[in-house]
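Chemist: heads up, no residue letters with this:
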């Protein structure tokens, strides 16, 4: 029996197939060499093919790699955009928060929930505080509009409201009781007037036994202020000047009296402050004297209207010097049989007659002796055309 060595045995069928493949390969090689002689020495040196392959690889790489120029929740290297980011606080902001909430200043963080880059309504505060037993706990607070003003130092200058009011109770306590607000806290002057008024803010802080606080902010309305006044709470008597006291007139006010009110010497005028406002205003009493035909000194009194007060206070500017030629267009446009116009106050300070200036009317007629002080019969705001034509604006 013949023994077949597996290392040397060749299957005849396999041998035939192998020879066939070898012949086919040789035939293709011959054809390829013929084609190569017409083109290039190697198909892998074709530059167009290499360029296309390179572009394909680059495109596949871009599709696989995470996009790092935009935050993605699926990419751990880029946090999602909707995660609130912490605001960098100034020392003053930290101290304002710490004082109000009763927390450790160094532990405070503020999440910028609305992503405006500043502490504002809707942001979240997180801070820690030390308990009575020496442990540490954390509190959170949502910032409202008042707290945002407070943190940013824009609550307004504190007002001292601790003066004694009605019944020996402080004005601060009386106001809060009247408005139903929590005790404690402070008053803040939002408009810079120096006095409590509509728009000012009352801050109150409710504290738990550990001293941690929850602030509230109340903005006063005009109705609140009227209610406090009607109740005799604010302004208190200690802040209210007595009424009907003579006002101290400035040199400018006296000049305007002499220029705008006829037959009067401002040095002999007094104005009583009827509304205790501290300044010349509508409703105040103008007092002077004059000598009529009887040659007896006679008192003159007039309750000021709004235009009178505006004239004296310089709201209409100062008297505009006009010669006769300058007065004539004014007379032609405004004079009536009972009223004449020869004086104009230069509201815009231009030194020339312009739209917006105020003409003062006076009586036509003559007086015997020294006439009484003559206030303007009317105040007319002028409209002046480019050609100088004058009309009444109102």
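Modeler: Cool, got the structure. This structure is a prediction, so every number in the text was calculated from the model and none was measured. Numbering: from 1, shown residues only.

Chemist: can you give me the helices for the stretch 251-394 of the chain?
Modeler: In the stretch 251-394 of the chain, the helices defined using DSSP state H, counting those that start in this stretch lie at 251-260, 306-312, 324-334.

Chemist: do you know which of the ones you listed lies nearest residue 290?
Modeler: Residue 290 sits nearest to helix 251-260 of all the helices of the stretch 251-394 of the chain, at 14.1 Å, using C-beta to C-beta. Just so you know, the C-beta spots here come from the backbone N, C-alpha and C atoms, and that holds for glycine as well.

Chemist: Nearest residue to residue 379 in space, please, no chain neighbours.
Modeler: Nearest residue to residue 379 in three dimensions, chain neighbours excluded: residue 307, at 4.4 Å (C-beta to C-beta, 6 or more residues apart in numbering).

Chemist: so who does the closest residue to residue 264 other than its chain neighbours touch?
Modeler: Closest residue to residue 264 apart from its sequence neighbours, by C-beta to C-beta, 6+ apart: residue 373 at 4.0 Å. The contact partners of residue 373, by C-beta atoms under 8 Å, 6 or more residues apart in numbering, come to 261, 262, 263, 264, 286, 288, 290, 300, 302.

Chemist: 7 Å - rerun?
Modeler: By C-beta atoms under 7 Å, 6 or more residues apart in numbering, residue 373 lies in contact with 261, 262, 263, 264, 288, 290, 300.

Chemist: how close does it sit to residue 260?
Modeler: Distance from residue 373 to residue 260, counting by C-beta to C-beta, to the nearest Å: 11 Å.

Chemist: So residue 109 sits against residue 124, correct?
Modeler: No - counting by C-beta atoms under 7 Å, residue 124 is not a contact partner of residue 109; they are 8.8 Å apart.

Chemist: Output the below-cut-off pLDDT ranges for the stretch 201-350 of the chain.
Modeler: Scanning the stretch 201-350 of the chain for pLDDT under 70 picks out 238-242, 294-295.

Chemist: Strands along that one, start to end?
Modeler: Per DSSP state E, counting those that start in this stretch, the stretch 201-350 of the chain carries strands over the ranges 201-207, 213-219, 245-246, 270-273, 285-290, 298-303, 318-319, 339-346.

Chemist: Quick test: name the residue nearest the centre of the protein.
Modeler: Nearest residue to the geometric centre of the chain (C-alpha atoms, centre = their mean): residue 154, 10.3 Å.

Chemist: Point me to the helix or strand that includes that one.
Modeler: Assigned by DSSP states H and E, residue 154 belongs to no helix or strand.

Chemist: And the pLDDT for it?
Modeler: What the model reports for residue 154 is a pLDDT of 93.

Chemist: The one 5 residues further on now?
Modeler: Residue 159 is assigned a predicted lDDT (pLDDT) of 91.

Chemist: Quick check: bridge partners of it?
Modeler: Under DSSP bridges, the beta-bridge partners of residue 159 are residue 187.

Chemist: how about it, what does it touch?
Modeler: By C-beta under 7 Å, 6+ apart, the contact list for residue 159 reads 187, 188, 189, 196.

Chemist: and which of the contacts of residue 373 is nearest residue 348?
Modeler: Nearest to residue 348 among the contacts of residue 373 is residue 261, at 22.1 Å by C-beta to C-beta.

Chemist: Which parts of the chain belong to which domain?
Modeler: 80-154, 157-240, 245-312, 318-392 (automatic domain parsing).

Chemist: For the contacts of residue 159, give me TSV that also has distance to residue 233.
Modeler: Compiled in TSV, those are given as follows (distance: C-beta to C-beta, whole Å):
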residue	distance to residue 233
187	13
188	18
189	18
196	10
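
Chemist: Return the member of these nearest to residue 150.
Modeler: Using C-beta to C-beta, the contacts of residue 159 come closest to residue 150 at residue 188, 8.5 Å.

Chemist: how much space between the closest one and residue 245?
Modeler: According to C-beta to C-beta, residue 188 and residue 245 sit 31 Å apart.

Chemist: likewise residue 255?
Modeler: To residue 245, residue 255 is 23 Å away according to C-beta to C-beta.

Chemist: higher neighbour count, the two?
Modeler: residue 255 (16 against 12; other C-beta atoms under 10 Å).

Chemist: quick one, what contacts the more buried one?
Modeler: Counting by C-beta under 7 Å, 6+ apart, residue 255 has no contacts.

Chemist: That one and residue 261: what is the separation?
Modeler: Separation of residue 255 from residue 261 (C-beta to C-beta): 11 Å.

Chemist: swap in residue 284?
Modeler: 14 Å.

Chemist: what do you get for residue 117?
Modeler: 58 Å.

Chemist: And residue 315, by the same measure?
Modeler: For residue 315, the distance to residue 261 (C-beta to C-beta) stands at 15 Å.

Chemist: How about residue 249: what's its closest non-neighbour residue?
Modeler: In space, residue 249 is closest to residue 271, 6.8 Å off (C-beta to C-beta, 6+ apart).

Chemist: Check residue 48 and give its pLDDT.
Modeler: Note for residue 48: predicted pLDDT of 67.
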